[in-house]
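Q: predicted structure and sequence below. I'll ask about it afterward.
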Protein chains: 2
Amino acid sequence: MKFSKELSAGYLVNHMARLFERGLAERIRPLGLTPGTFPALLELWEGDGLTQKELVERLDIEQATMANTLARMERDGLVRRQKDEADGRVQRIWLTDHARGLRDAAIEAARSVNAETMASLSAQEQRQLVALMQKIVYDDKASATPTSSE
Amino acid sequence: MKFSKELSAGYLVNHMARLFERGLAERIRPLGLTPGTFPALLELWEGDGLTQKELVERLDIEQATMANTLARMERDGLVRRQKDEADGRVQRIWLTDHARGLRDAAIEAARSVNAETMASLSAQEQRQLVALMQKIVYDDKASATPTSSE
DNA sequence: AGCACTTGCATAGCAAGCTATACAAGATTA
DNA sequence: TAATCTTGTATAGCTTGCTATGCAAGTGCT
């Protein structure tokens, strides 16, 4: 029974994800950011005051992972967590001015990482790749929310 | 300046890699395996007695990461490390009988994860995706050995 | 032989993912 | 109202990635 890593989607996607993450880490390090905070920052830059639960749902990250990421972000002066006065369990997440100020440079960094890491593909191939990945990521999530059971 | 995570290759590839990894973890847990050992196992199943350095080069993993992964694999009875008698610095990695016996089931698990995670794509789209990822992963490595600049 | 340089691996320490579990605040219900 | 269930976060402990650093074993030079 043969199995070639060069043909395995799982193997390739892991390797590819590491390439992107290394590139991003390198580029946002000067900003004092790390890759793990990026998804949360993207959401919060769109509009903060979200709860942890909202972030978890939007990013498909485990709650415990998000709690830790937010703790690091707070430690590093990127967010503040404020108790919701209506519901004492809820912590709403607010960006600091500092985090707000990093937005443009961070997004420019992400753009350039995307461009460089995909430089071996033509523009059309890049669009194809993105479209295929979207199908997997979003269809997969949909099928994880069954209509009948649960 | 807009930036949509749904269109960002870096964001998508990270998300997709987590989907594959979760699927694989679930399926190989009954075998006592974890996803991080998989690349090394694939190489060693092809032929063991490799050095740590050889694994590092073939898998594009940092040396320290590989050292830790191999230590866990040894702890879990998957490999043995034996000093090379020609060169006292080198540790050659040998699979245990137990690890050898896991091969078929593990590869079957990987195959089924690949199939299920990509189930929202047609067979042709799956081939396309793999081809595009190969271009990025292997061209990228090539271009990291520049001929002229940098 | 003795010195510095290189090479192969290990260790420390951190980020970011996961599961399992704890716990306090709300909601429900007998 | 009191007991129980649910919900939102936090914490513990693990894996897997990374950088930086240490160190012992080879290699080369003089």
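A: Received, thanks.

Q: is the residue nearest the centre of chain A in a helix, a strand, or coil?
A: Centroid-nearest residue in chain A: residue A:39, 2.8 Å away (criterion: CA atoms, centre = their mean). With DSSP: H, G, I helix; E, B strand; the rest coil as the basis, residue A:39 sits in helix.

Q: in terms of pLDDT, where does it sit?
A: pLDDT for residue A:39: 98.

Q: thought it was touching residue A:60?
A: No - in this structure, residue A:39 is not within contact of residue A:60 by CB atoms under 8 Å, at 9.2 Å. C-beta: built from backbone N, CA, C; applies to glycine.

Q: could you pull out the strands in chain A for me?
A: Counting by DSSP state E, residue ranges of the strands within chain A are A:50-51, A:79-83, A:91-95.

Q: what about residue A:125, how many neighbours?
A: Residue A:125 has 16 neighbouring residues, counting by other CB atoms under 10 Å in any protein chain shown.

Q: what residues are up against it?
A: Counting by CB atoms under 8 Å, 6 or more residues apart in numbering or on different chains, residue A:125 makes contact with B:132, B:135.

Q: can you rerun that using 7 Å?
A: Contacts of residue A:125 were listed using CB atoms under 7 Å, 6 or more residues apart in numbering or on different chains, and they are residue B:132.

Q: who are the contact partners of residue A:21?
A: Contacts of residue A:21 (CB under 7 Å, 6+ apart): A:35, B:14.

Q: mind checking how far it is from DNA strand C?
A: Distance of residue A:21 to DNA strand C, given as CB to the nearest atom of the strand, to the nearest Å: 8 Å.

Q: roughly how far apart are that residue and DNA strand D?
A: In terms of CB to the nearest atom of the strand, residue A:21 sits 7 Å off from DNA strand D.

Q: need the pLDDT of that residue.
A: 98.

Q: and chain A, which residues reach DNA strand C?
A: A:34-37, A:60-65, A:68-69, A:72, A:87-89 (CB under 7 Å from any atom of the strand).

Q: ok, so of the residues you listed, who is nearest chain B?
A: residue A:60 (6.5 Å; CB to the nearest CB).

Q: follow-up on the earlier one: out of the strands of chain A, deepest packed?
A: By mean neighbour count, with neighbours taken as mean count of other CB atoms under 10 Å in any protein chain shown, strand A:91-95 ranks first of the strands of chain A at a mean of 19.
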